[in-house]
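> Sequence first, then the predicted structure:
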Amino acid sequence: MKWGVCVKARAAWLALAALLALACAARPDPTPTPERWTPAHCAEADALEAALRAQPDAAAAELRIQLAFGGASDLDLWVTDPSQESVYYFNREARSGGALDVDHGCDGDGPRIETIHFTQPVPGRHRVGVDHPRDCGSGASERVFVVAIDDGLTQRWVRGIVPLGVFRAIQHEFAWPLTPTRVGGSACAELPAQKP
């Protein structure tokens, strides 16, 4: 009788181990797909960057982070300050002085611009996140965006593509005060010329 119980227990453990191995093997690869820039993506990013460049410069010593996006999608800007407090649509004001001006959601035509500004920024590491929680009827599976980081003296530009349903908590990380640089995953300069 004891031998039969041991055989059954061992068989149960082996079956459980096999199910666990199968479940782990079936998990999707957590590695994000690299951005694939097309001429259409580049043209959209150029238009979004132009819309951001048309905005007035940030006031001296103010830190302003802007997210520009178009199309019928809802993107959200998140900025985490050095104290690890995030400013975003649900926490519109931080103890460090950061504030979100407006959350656009699905309203209006593009380009839409969301702005988080710090009137007296705290020196240290800041993280910029981009969330793409929903499509607003376009059927697009991804959205091009441009982030501008401006402190009145220096501007930084970040281009990217975010898939629908993805929150990139750290799209870009920087230290304030800023140093001049251009960053982003855009390979627009590397695309071959299109034939007419």
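Here it is on my side, so go on.
> pLDDT of the helix or strand where A40 lies, averaged?
Taking DSSP states H and E as the definition, one finds A40 inside helix 39-53. Helix 39-53 carries an average pLDDT of 95.
> what's across from the residue nearest to the spatial centre of the chain in the sheet?
With distances taken as Cα atoms, centre = their mean, V130 lies nearest the centre of the chain, 2.4 Å away. Per DSSP bridges, the residues bridged to V130 are L77, R168.
> quick one: D103 and Y89 touch, right?
Yes: D103 is in contact with Y89 according to Cβ atoms under 8 Å; the separation is 4.0 Å. Glycine gets a C-beta too; all of them are placed from N, C-alpha and C.
> Kindly export whatever helix or strand Q66 lives in (C-alpha atoms) in PDB.
Using DSSP H and E, Q66 maps to strand 63-69. Extracted in PDB, the C-alpha atoms of strand 63-69 (Å, rounded to 0.1, in the frame of the first residue of the first chain):
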ATOM      1  CA  LEU A  63      11.800  72.500 -16.500                       C
ATOM      2  CA  ARG A  64       9.100  71.700 -19.100                       C
ATOM      3  CA  ILE A  65       8.500  68.200 -20.600                       C
ATOM      4  CA  GLN A  66       6.000  68.000 -23.500                       C
ATOM      5  CA  LEU A  67       4.600  65.000 -25.300                       C
ATOM      6  CA  ALA A  68       3.200  65.500 -28.800                       C
ATOM      7  CA  PHE A  69       1.200  62.800 -30.500                       C
END
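> quick one: low-confidence ranges for this structure?
Applying pLDDT under 70 to the chain flags residues 1-34, 180-187, 189-196.
> Quick one: the strands in it, in order.
For the chain, the strands defined by DSSP state E occupy 63-69, 73-80, 86-87, 98-100, 112-118, 124-135, 142-150, 155-163, 167-176, 181-184.
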